[in-house]
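[1] Pasting a predicted model and its sequence here:
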Amino acid sequence: MINLTVNRRRSVLALFQAYAEDAIAKGAPPKGLEQTFAAHLEISPSMWSQIKSSRPIGDKLARQIEQHTGKPMGWLDEERQPEGLSSAEQQFLALALKAWRAANSDGRKALKGQMKALAGVESRG
């Protein structure tokens, strides 16, 4: 069974991702979306920042978040499988594939090395 704290954090981050993608699709600038999401939940930007990193979401706050996002009571507590790639992830993968296909052997090695470095994966030759 997954930890309730982890479950709630994953769920609220998924809510923010959907909120941000919807806002950007409607033409909102990315800058300031964290603050507007916090305002939508009726919490401070500081509280939102704490929730994203480590602050546990208590029962009262969980119900408040569900209410303001139109989710049924207990939704944040439920374990769910990821819904697949987001639009931003799909765009990144398409760009990465285009770069990979356009590169020669040395370029592909360089791309792979950069990705491993960014991901913190130890490179093995």
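    Okay, I see it. Numbers count the residues shown, from 1 in each chain.

[2] What confidence value was assigned to Arg117?
    Residue 117: Ala, not Arg. Ala117 is assigned a pLDDT of 89 by the prediction.

[3] Now it: which helix or strand?
    helix 105-119 (DSSP states H and E).

[4] That helix: how far from the chain's middle?
    24 Å (C-alpha atoms, centre = their mean, to the nearest Å).

[5] So which elements touch it?
    With contacts defined as 3 or more C-beta pairs under 8 Å, 6 or more residues apart in numbering; DSSP states H and E, the packing partners of helix 105-119 are helix 87-102. C-beta: built from backbone N, CA, C; applies to glycine.

[6] could you check the angle helix 105-119 makes with the helix it packs on?
    150 degrees (axes from the mean of the first three to the mean of the last three C-alpha atoms, to 10 degrees).

[7] Summarise which helices and strands helix 87-102 is packed against.
    helix 4-25, helix 105-119.
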